[in-house]
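Trainee: Provided below are the primary sequence and the corresponding predicted coordinates.
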2 protein chains.
Amino acid sequence: MQKSFSPARPCREEDVTYWDIETDVAIVGFGAAGSCAAIEARQAGAEVAVFEVAAAAGGSAALSGGEVYVGGSGGTSVQRAAGFEDSTEDFYKYLMMSGGPGADAARVRAYADNAEAHFRWLQEQGVPYKGTFLPGKWLEPHTDDTLVWSGSEQAWPFSGEAKPAPRGHTAQQEGWSAGRILMEKLCGRAEALGASIHYNARALALVLARDGSVVGLAVRIDGTPRYVRVRRGVILASGGFIANREMLSRYAPGALACETQVSAGNDDGSGIRMGIGAGAAAIHMDQFFATLPYFPPDSLVKGIFVNERGERFINEDAYHGRIAHYVLRQPNGKAWLLVDDEIFGRPMIHRDMTIAAVGETWGEVEAELGLVAGTLEHTVETFNREAAEGRDPGFHKAAAWLRPLTKAPFAALSYCRGDVPGHAFTLGGLATDTDGTVLDADGNAIRGLYAAGRCACGLPRWGEGYSSGMSLGDSTFFGRQAGRHAAGR
Amino acid sequence: MQKSFSPARPCREEDVTYWDIETDVAIVGFGAAGSCAAIEARQAGAEVAVFEVAAAAGGSAALSGGEVYVGGSGGTSVQRAAGFEDSTEDFYKYLMMSGGPGADAARVRAYADNAEAHFRWLQEQGVPYKGTFLPGKWLEPHTDDTLVWSGSEQAWPFSGEAKPAPRGHTAQQEGWSAGRILMEKLCGRAEALGASIHYNARALALVLARDGSVVGLAVRIDGTPRYVRVRRGVILASGGFIANREMLSRYAPGALACETQVSAGNDDGSGIRMGIGAGAAAIHMDQFFATLPYFPPDSLVKGIFVNERGERFINEDAYHGRIAHYVLRQPNGKAWLLVDDEIFGRPMIHRDMTIAAVGETWGEVEAELGLVAGTLEHTVETFNREAAEGRDPGFHKAAAWLRPLTKAPFAALSYCRGDVPGHAFTLGGLATDTDGTVLDADGNAIRGLYAAGRCACGLPRWGEGYSSGMSLGDSTFFGRQAGRHAAGR
């Protein structure tokens, strides 16, 4: 047995003298992607062993809002019950816009065509959905309702290209973090189907045959390295790399501005590094989800963001993660949300946030912020005049959120760097085809290797286009694809 | 002999039945990095074979401006003769800022400490430098002068952090494209020192030993695949991937907005793919140099850029490549340079550029551009008022370039997407240490593999921070490092 392992350095099959475990399919990580991969692989008749580094199931998904972004095919049962039709083409268009300049049309097509069926599948696995719609603008439901608006569907420029529909579907659980119930059900189902789960099991390195195909895995279980031989394939489902600062500085330095990792702590990029070590391409590694949650209450959406030049820079009704990317890139990391007395309310998250300036006039606020005289005043005057007419020609904020900011006192809530922690996770990862097969830098398959979830670069691959539920929707759907295809190899 | 090759899929040493060529060091690419690597490797006593896919020497560098960005150590002989002192620390600070959030301090340190000596080395290789300073603001010298301001040294935010000095050093040649003489000299020197050069030789794949180290290369010469055994190492110096649209869409989709490749045509990313196939990490792959050359004449720098909201977005005296990145990200790809009659002149590059609007008042220009009434007018009024006072509090353009735009007629020159071709090359590439050794995803060395030039991720790794001469400075300096270290292995 090898003394030391490095994820990026695969072991050679010929150096393995003894296989401790043999299985058809080995899965690294028991979160959203890993559990769904396990379910499908078992149902396809494969022997499945899952290796999870934590002591418990669920991965980072268990700490999440538990929302999946699904629609199309005319609408899910929940969308239709709430009166929303959702054509596959509108869904497809929105997903393509969300994917940004590097959107993967084949992946989007596979998902748009099958997401409604995927939602039924999640229900069949026992994930509870109340089936109700929660109107308004929320980060995620704080109730046990199912359906919410969870992206930029109703906001410019998305609203003009694809007919909006709410698509965030959340498992039934009171309060936030419905990811717990989602993952309980999916992981429980995988276990019930006979997947063998190893906890406290750290994947150390892949094992490669002489032809470059993946034939196994080294794993540390109970402190001891073990070799796992796979007859069909290894599925990397071990998450992204938000918890690895060294990887962030090499690949996604922009994310270093966000202090809070959206992670259960094990998103150390080791799966991505194992893939790279096997010759895989890692793509869109600079991209990340970010948020500076500035609502609810949604009255705050009627405020306007300005930068240190006193200028607006975004339609404030866009998805909060899109806004966060715009805030993070303002000069010197300075941005404030301007509110008047009528719309002010303490943000539900970060209630102790910094009120950088208060005044009886916008000129006082401008002066207190130290901005150039007249800049902020001009911006607010222009906004107020146009908002009173129900229009926002510069930024295209929807009329429903337009209201002049005229009721003193006025305030500037600080979203300057350091005042509110940014929350982030990574979107870049291993290149895969729609079956989950990992691809090398020429786009050819690496035999025996699959990836899904944030270990792969999936549907969400552009921070500015993200919508809540896209990562879990992608992880669960493409996790299934990987499980089915690995089992069928 | 293998029938087909794929760059990302290395050959196995045990499958090579016959080595057609044996050498100490094999170099892929005979451009800036490859020629300098060859010189150093030969001087260290190594047998060197260079494989160049083109029919002639020089690579993309031969078509370039031939400028190297050097300074520090108190100043090069040319800087000092022109009266510029340039401390290593100021040079270091500027390079660190230029590297952006992912700057590599070790690489910057190595370069800042040694760039002045590197310039002397270039002279020793026979590269001619007239030794004269050309004042003003140029893309590159159109004369045979040596030294120009070639970056954002005198512009905010750089000027406040590091004492400015001109650092673009261009080989002596009348007219633009001094890269020809630079590469003639460097490639000639490598040949004179006895490097064996194979033209029309396409590298097909690396050859890996069973322990993962690089021991050779498959190359197509005269239509026939040949195996090259290396006793010490392979140096990948085959350029970036601006000529490979599929790689751009996977790694740097932002660069797809630029129609013109800054390339001799062979920057197809094959070297990067070979490295990835050997388990290398490729980093900052999203980053690229871009320019929309809008001057000379430098009177145009006194104009102001506005977007479709009629707002400014950058200090126009920054490096043209930095400005291009800001232009490219404006909403809907819309941006115009506003000029008055006094500063107007046809840009030397793209003389036939689109004049999108002309008017006797700024209101007429605003209307002709179809902007919201009052937006552009307000911006120009503010700018003019502040420029008359010699200040630019919003964007910090230096006083030398501030002048109210008050002499009718007024015009808007179009830098909207499609109206002016963007010029681009890629900055992301293989991760290396300061010796040029290629690193895997855990940061460990891949034995026998080196990379330099745009095949590697070097000093310039942030599009917004690029300055002319950084890529050639990096390629020649770190090419030398790779050559010396490969030879000494």
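Mentor: It's in.
Trainee: residue of the stretch 201-350 of chain A with the smallest distance to chain B?
Mentor: Per C-beta to the nearest C-beta, residue A:253 is where the stretch 201-350 of chain A lies closest to chain B, at 3.5 Å. In this view, the C-beta of every residue, glycine as well, is placed from N, C-alpha and C.
Trainee: isn't that residue right up against residue B:102?
Mentor: Yes: assessed by C-beta atoms under 8 Å, residue A:253 is found in contact with residue B:102 at 4.0 Å.
Trainee: ranges for the helices of the stretch 51-200 of chain A?
Mentor: A:77-81, A:88-98, A:105-124, A:179-192 (DSSP state H, counting those that start in this stretch).
Trainee: List the buried residues of the shortest one.
Mentor: If I follow you right, that is helix A:77-81. A:78, A:79 (16 or more other C-beta atoms under 10 Å in any protein chain shown).
Trainee: who touches the closest residue in space to residue A:178 that isn't next to it in sequence in this structure?
Mentor: With C-beta to C-beta, 6 or more residues apart in numbering or on different chains as the criterion, residue A:178 has its nearest non-adjacent residue at 3.3 Å, and that residue is residue A:66. Residue A:66 makes contact with A:140, A:170, A:171, A:173, A:177, A:178, A:179, A:180, A:181, A:182, A:183, A:472, according to C-beta atoms under 8 Å, 6 or more residues apart in numbering or on different chains.
Trainee: which residues sit in contact with the second one?
Mentor: The contact partners of residue A:170, taken as C-beta under 8 Å, 6+ apart, are A:65-68, A:129, A:140-141, A:145-148, A:178, A:469.
Trainee: I'd like those residues written out as a markdown table, with pLDDT added.
Mentor: What follows is the contacts of residue A:170, written out as a markdown table (pLDDT from 0 to 100):
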| residue | pLDDT |
| --- | --- |
| A:65 | 92 |
| A:66 | 94 |
| A:67 | 96 |
| A:68 | 98 |
| A:129 | 98 |
| A:140 | 79 |
| A:141 | 81 |
| A:145 | 95 |
| A:146 | 97 |
| A:147 | 97 |
| A:148 | 96 |
| A:178 | 93 |
| A:469 | 97 |
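Trainee: between those residues, which is closest to chain B?
Mentor: residue A:469 (23.5 Å).
Trainee: Now do the contacts for the closest one.
Mentor: So residue A:469 contacts A:65, A:67, A:68, A:69, A:70, A:150, A:151, A:167, A:168, A:169, A:170 (C-beta under 8 Å, 6+ apart).
Trainee: For ChimeraX, what selects the buried ones among those residues?
Mentor: In ChimeraX syntax, the buried subset of the contacts of residue A:469 is picked out as below (16+ other C-beta under 10 Å):
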select /A:65,67,68,69,70,150,151,167,168,169,170
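Trainee: Okay, and which of the contacts of residue A:469 map to strands?
Mentor: A:67, A:68, A:69, A:168, A:169, A:170 (DSSP state E).
Trainee: what helix or strand is residue A:413 on?
Mentor: Residue A:413 belongs to strand A:410-414 when elements are defined using DSSP states H and E.
Trainee: what's that strand in contact with?
Mentor: Residues contacting strand A:410-414 (C-beta under 8 Å, 6+ apart): A:294, A:300, A:303, A:306, A:336-341, A:344, A:347, A:353-362, A:364-365, A:368-369, A:420.
Trainee: quick check: mean pLDDT across it?
Mentor: The predicted model assigns strand A:410-414 a mean pLDDT of 96.
Trainee: circling back: out of the helices of the stretch 51-200 of chain A, which is closest to chain B?
Mentor: Ranking the helices of the stretch 51-200 of chain A by proximity to chain B (C-beta to the nearest C-beta) places helix A:105-124 first, at 10.5 Å.
Trainee: tell me which residues in that closest one are buried?
Mentor: A:107-108, A:110-112, A:114-116, A:118-119, A:121-123.
Trainee: could I get it in CSV with only the CA atoms?
Mentor: C-alpha atoms of helix A:105-124 as CSV (Å, rounded to 0.1, in the frame of the first residue of the first chain):
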residue,chain,number,x,y,z
ALA,A,105,-27.0,23.9,-25.2
ALA,A,106,-27.0,20.1,-25.1
ARG,A,107,-27.2,20.1,-21.3
VAL,A,108,-29.8,22.8,-21.2
ARG,A,109,-31.9,20.9,-23.7
ALA,A,110,-31.7,17.6,-21.7
TYR,A,111,-32.7,19.4,-18.6
ALA,A,112,-35.5,21.6,-20.1
ASP,A,113,-37.1,18.5,-21.7
ASN,A,114,-37.0,16.4,-18.6
ALA,A,115,-37.2,18.7,-15.6
GLU,A,116,-40.9,18.2,-15.1
ALA,A,117,-40.5,14.5,-15.1
HIS,A,118,-37.6,14.9,-12.8
PHE,A,119,-39.8,16.7,-10.3
ARG,A,120,-42.2,13.8,-10.3
TRP,A,121,-39.3,11.5,-9.8
LEU,A,122,-38.2,13.4,-6.7
GLN,A,123,-41.8,13.0,-5.4
GLU,A,124,-41.6,9.3,-6.1
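Trainee: does chain B sit close to that helix?
Mentor: No: on the criterion C-beta under 8 Å from any C-beta of the partner chain, helix A:105-124 is out of touch with chain B, staying 10.5 Å away.
Trainee: Tell me the gap between that helix and the middle of its chain.
Mentor: Centroid displacement of helix A:105-124 relative to its chain, using C-alpha atoms, centre = their mean, to the nearest Å, is 17 Å.
Trainee: now swap in stretch A:373-384 and tell me
Mentor: Centre-to-centre, stretch A:373-384 and its host chain are 36 Å apart (C-alpha atoms, centre = their mean).
Trainee: neighbouring contacts of it?
Mentor: For stretch A:373-384, with C-beta under 8 Å, 6+ apart as the criterion, the contacting residues are A:304, A:306, A:309-312, A:338, A:362-363, A:365-367, A:369, A:392, A:394, A:404-406, B:374, B:378, B:382, B:394.
Trainee: Can you give me the pLDDT of the nearest residue to residue A:94 once chain neighbours are set aside?
Mentor: Spatial nearest neighbour of residue A:94, excluding adjacent residues (C-beta to C-beta, 6+ apart): residue A:162 at 4.2 Å. Among the per-residue scores, residue A:162 holds a pLDDT of 97.
Trainee: Then residue A:3?
Mentor: 67.
Trainee: List only buried entries from the contacts of residue A:66.
Mentor: For the contacts of residue A:66, a burial check counting by 16+ other C-beta under 10 Å picks out A:140, A:170, A:171, A:173, A:178, A:179, A:180, A:181, A:182, A:183, A:472.
Trainee: so the third one touches residue A:126, yeah?
Mentor: No: assessed by C-beta under 8 Å, residue A:171 is found out of contact with residue A:126, at 10.1 Å.
Trainee: which residues do the two both contact?
Mentor: Contacts common to residue A:171 and residue A:126, judged by C-beta under 8 Å, 6+ apart, are residue A:185.
Trainee: Now that we have the contacts of strand A:410-414, which of them are buried?
Mentor: The buried subset of these - by 16+ other C-beta under 10 Å - is A:294, A:300, A:303, A:306, A:336-340, A:344, A:347, A:353, A:356-357, A:359, A:362, A:365, A:369, A:420.
Trainee: before we move on, the earlier item: kindly reformat the helices of the stretch 51-200 of chain A as TSV containing mean pLDDT and distance to residue B:51.
Mentor: Compiled in TSV, the helices of the stretch 51-200 of chain A are given as follows (pLDDT from 0 to 100; distance: least, C-beta to C-beta, whole Å):
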stretch	mean pLDDT	distance to residue B:51
helix A:77-81	98	59
helix A:88-98	98	41
helix A:105-124	98	35
helix A:179-192	98	51
